[in-house]
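Novice: fold the following for me, if possible:
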Amino acid sequence: MKLLVTGAAGFIGSGVCRRLLDRGDSVVGLDNINDYYDPELKYGRLASLGIGKGDVSWYKFTSGTTDARFRFIRMNLEDTQAMRMLFANEGFDAVIHLGAQAGVRYSITNPHAYIESNIDGFINVLEGCRHHGVKHLVYASSSSVYGLNGKVPFSEHDGIAHPVSLYAATKKSNELMAHAYSKLYDLPTTGLRFFTVYGPWGRPDMSPFLFIDAILHDRAIKVFNHGDMLRDFTYIDDIVEGVVRIVDVVPAGNATWDDTNPDPTTSPAPYRVYNIGNQHPTKLMDYIECIERAAGRKAKKEFLPMQPGDVYQTYADSSALGEATGFTPCTPLQEGIDRTVAWFRKYYNL
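Specialist: Next up, the predicted model:
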């Protein structure tokens, strides 16, 4: 197939591009390489795909030197005219939309960035898919949509009416927008709710990177809610495998859907939503111990109250993904952390 992957210089996006190329697809990668975090890390991910930093420029395609089936273009999702031209000229079979303004805490101080990228950008993706015969749109949602939901494990069949951050609200909005386009235009869409992704090439604003960096440089780590939190940490390779497998599972309308007792995860439209998480929530203090073992040193800890926008726990029920694809995330946390710390040491020459 020929696929568009947005967020191609991102943590998940770069891995998805590599996996698609490995299985024989042609890929156009799109990213604006913004400075939300260090752009050098994004250029490093692109370099692993054969795209040199000096060859990247706005609105121009660059072909990969290691695989000519990969082309990259620097572009903003919210640039409506450029997105129209991209879809009209390329003829994508499927789209994997991972590009977004990420981060729960950043959404509190920079809310407009989330509307521009996650709402305006998403409507441009939907319009491109609608008008140009895309057979399947797979897009990134987030476990953050569960918000104040206290029932665990989090199931796609549960309601998501109470987000606690603007970031989560934009991801919920994406699911609603996708359903509208699935119903109106018979566009198959699948949303994936990612649960706390970590691994090599990870984001510097997330706790695995922050904790590893601090521990290896003998700085204190910030432990929020005094360590009383749980997260369903999911290794990057498992996320990538799930994303690529779900591309081939094109949703159809649910003929038995009951409008008097509507199931949020399906519809008469070709629409689905899946959790993609490890299904093993870990206590924050146990997670820190995993990093300490991998790093070979103890962490200095600064205990702090819960931050605005955070939730107490995340816990995925990924059984629906397993039924659809034959795969569920399974990498043990210590194994994944060991790989991540090893990558960190190598990348930063520590």
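
Novice: could you export stretch 278-286 as CSV, CA atoms only?
Specialist: Taking Å, rounded to 0.1, in the frame of the first residue of the first chain, the C-alpha atoms of stretch 278-286 are listed here in CSV:
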residue,chain,number,x,y,z
ASN,A,278,0.1,-3.4,28.3
GLN,A,279,-2.8,-4.4,30.7
HIS,A,280,-0.4,-4.4,33.7
PRO,A,281,-0.6,-1.1,35.7
THR,A,282,2.5,-0.5,37.7
LYS,A,283,2.9,1.5,40.9
LEU,A,284,5.0,4.6,40.3
MET,A,285,7.5,3.7,43.0
ASP,A,286,7.9,0.2,41.5
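
Novice: strands of the chain, start to end?
Specialist: Applying DSSP state E to the chain gives strands spanning 2-6, 26-31, 61-63, 70-74, 94-97, 136-142, 189-194, 197-198, 220-224, 230-231, 234-235, 271-276, 282-283, 300-304.

Novice: which other helices and strands contact the first one?
Specialist: Strand 2-6 is packed against helix 11-22, strand 26-31, helix 80-90, strand 94-97, with contacts defined by 3 or more C-beta pairs under 8 Å, 6 or more residues apart in numbering; DSSP states H and E. C-betas here are computed from N, CA, C, even on glycine.

Novice: pick the most buried one from the ones you listed.
Specialist: strand 94-97 (a mean of 26; mean count of other C-beta atoms under 10 Å).

Novice: tell me the mean pLDDT over it?
Specialist: The predicted model assigns strand 94-97 a mean pLDDT of 98.

Novice: sheet partners, orientation included, of that strand?
Specialist: strand 2-6 (parallel), strand 136-142 (parallel) (DSSP bridges).

Novice: mind putting the ones you listed in TSV, mean pLDDT, distance to residue 317 and mean neighbour count included?
Specialist: Output for the strands paired with strand 94-97, formatted as TSV (pLDDT from 0 to 100; distance: least, C-beta to C-beta, whole Å; neighbours: other C-beta atoms under 10 Å):
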stretch	mean pLDDT	distance to residue 317	mean neighbour count
strand 2-6	98	27	23
strand 136-142	97	15	25
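
Novice: out of these, nearest to residue 87?
Specialist: Closest to residue 87 of the strands paired with strand 94-97, according to C-beta to C-beta: strand 2-6, at 8.0 Å.

Novice: among the helices and strands packed on strand 2-6, which is nearest residue 169?
Specialist: Going by C-beta to C-beta, the one of the helices and strands packed on strand 2-6 nearest residue 169 is strand 94-97, 17.7 Å.

Novice: contacts for that closest one?
Specialist: Contacts to strand 94-97, defined as C-beta atoms under 8 Å, 6 or more residues apart in numbering, come from residues 1, 3-7, 13, 16, 122, 125, 128-129, 134-140, 243, 247.

Novice: how about the CA coordinates for it, as PDB?
Specialist: C-alpha atoms of strand 94-97 as PDB (Å, rounded to 0.1, in the frame of the first residue of the first chain):
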ATOM      1  CA  ALA A  94      -4.500   4.500   3.900                       C
ATOM      2  CA  VAL A  95      -3.600   7.200   6.400                       C
ATOM      3  CA  ILE A  96      -2.000   6.800   9.900                       C
ATOM      4  CA  HIS A  97      -2.500  10.100  11.600                       C
END
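
Novice: can you list the strands of the chain in TSV and add distance to residue 206?
Specialist: Shown next, in TSV, are the strands of the chain (distance: least, C-beta to C-beta, whole Å):
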stretch	distance to residue 206
strand 2-6	20
strand 26-31	18
strand 61-63	28
strand 70-74	24
strand 94-97	20
strand 136-142	13
strand 189-194	12
strand 197-198	7
strand 220-224	13
strand 230-231	10
strand 234-235	12
strand 271-276	16
strand 282-283	15
strand 300-304	17
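
Novice: for residue 49, find the nearest of those strands.
Specialist: Residue 49 lies closest to strand 70-74 among these, at 5.7 Å (C-beta to C-beta).

Novice: and the closest one, how far from the chain's centre?
Specialist: 19 Å (C-alpha atoms, centre = their mean, to the nearest Å).

Novice: need the residue closest to the centroid of the protein.
Specialist: By C-alpha atoms, centre = their mean, the chain has its centre lying nearest to residue 140, at 5.2 Å.

Novice: bridging residues for that residue?
Specialist: residue 192.

Novice: distance of it relative to residue 276?
Specialist: 10 Å (C-beta to C-beta, to the nearest Å).

Novice: next, show the common contact partners of the two.
Specialist: If you check residue 140 and residue 276 against C-beta under 8 Å, 6+ apart, the residues they both contact are 192, 194.

Novice: and the helix or strand bottoming out on mean pLDDT in the chain, what's buried?
Specialist: None of the helices or strands of the chain scores lower by mean pLDDT, DSSP states H and E than helix 106-109, at a mean of 88. The neighbour-count check on helix 106-109 (16 or more other C-beta atoms under 10 Å) flags 106-107 as buried.

Novice: which elements pack onto it?
Specialist: Against helix 106-109 (3+ C-beta pairs under 8 Å, 6+ apart) you get helix 111-114, helix 166-185.

Novice: out of those, which one sits most buried?
Specialist: helix 166-185 (a mean of 20).

Novice: alpha carbons of that one, in PDB - could you do that?
Specialist: This file holds the C-alpha atoms of helix 166-185, laid out as PDB (Å, rounded to 0.1, in the frame of the first residue of the first chain):
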ATOM      1  CA  LEU A 166      -7.600  20.200  27.200                       C
ATOM      2  CA  TYR A 167      -5.300  17.700  25.500                       C
ATOM      3  CA  ALA A 168      -7.800  14.900  26.500                       C
ATOM      4  CA  ALA A 169     -10.700  17.000  25.300                       C
ATOM      5  CA  THR A 170      -9.100  17.400  21.900                       C
ATOM      6  CA  LYS A 171      -8.600  13.600  21.600                       C
ATOM      7  CA  LYS A 172     -12.200  13.000  22.600                       C
ATOM      8  CA  SER A 173     -13.100  15.500  19.900                       C
ATOM      9  CA  ASN A 174     -11.100  13.600  17.300                       C
ATOM     10  CA  GLU A 175     -13.100  10.500  18.100                       C
ATOM     11  CA  LEU A 176     -16.400  12.400  17.700                       C
ATOM     12  CA  MET A 177     -15.200  14.000  14.500                       C
ATOM     13  CA  ALA A 178     -14.100  10.700  13.000                       C
ATOM     14  CA  HIS A 179     -17.500   9.100  13.800                       C
ATOM     15  CA  ALA A 180     -19.300  12.000  12.000                       C
ATOM     16  CA  TYR A 181     -17.200  11.400   8.900                       C
ATOM     17  CA  SER A 182     -17.600   7.700   9.100                       C
ATOM     18  CA  LYS A 183     -21.400   8.100   9.200                       C
ATOM     19  CA  LEU A 184     -21.700  10.900   6.700                       C
ATOM     20  CA  TYR A 185     -19.200   9.700   4.100                       C
END
